[in-house]
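K.L.:
mind folding the following:
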Amino acid sequence: MTPRSHRYVFGYWESLWPTEPYMRNRFLVDIDLKAVTGGQDRAHRRWTATSVKDLEYIQQILDETYRDFFADPGTYGFRRVDAFPSRAAEAWTWPRVDHAAE
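P.N.:
Here you go, the predicted structure:
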């Protein structure tokens, strides 16, 4: 197995919410901490910050349903990155979830 050189993974998922079937989600995961650190939802033609409560729900989904996500996020279409993609970092409303501070 080759060592990982990127700390984060970033990618898109179709709607996580049954009440919003056309919403799209993108989020960033700290792969070392196995923690969702930020996200956005796209609805009504614009990206908005994912609430902390919804980020916690995404974390729960990964922990309980997609346990293999952290071992191979590429299977789910996520790509490894060293930091937040600049276009996403500009759009995110802060504060983001900072699991490193816990």
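K.L.:
nearest residue to Val36 other than its sequence neighbours?
P.N.:
Spatial nearest neighbour of Val36, chain neighbours left out: Gln59 (4.6 Å); criterion: C-beta to C-beta, 6 or more residues apart in numbering. Every C-beta, even on glycine, is put in place using the N, C-alpha and C of the backbone.
K.L.:
from Ala35, how far off is the one you found?
P.N.:
Gln59 sits 7 Å away from Ala35, going by C-beta to C-beta, to the nearest Å.
K.L.:
now do Arg45
P.N.:
30 Å.
K.L.:
Ser15 too?
P.N.:
22 Å.
K.L.:
so between those two, which is more surrounded?
P.N.:
A side-by-side neighbour count of Ser15 and Ala35, using other C-beta atoms under 10 Å, places Ala35 first with 19 against 15.
K.L.:
for that one, name its beta-bridge partners.
P.N.:
Asp30 (DSSP bridges).
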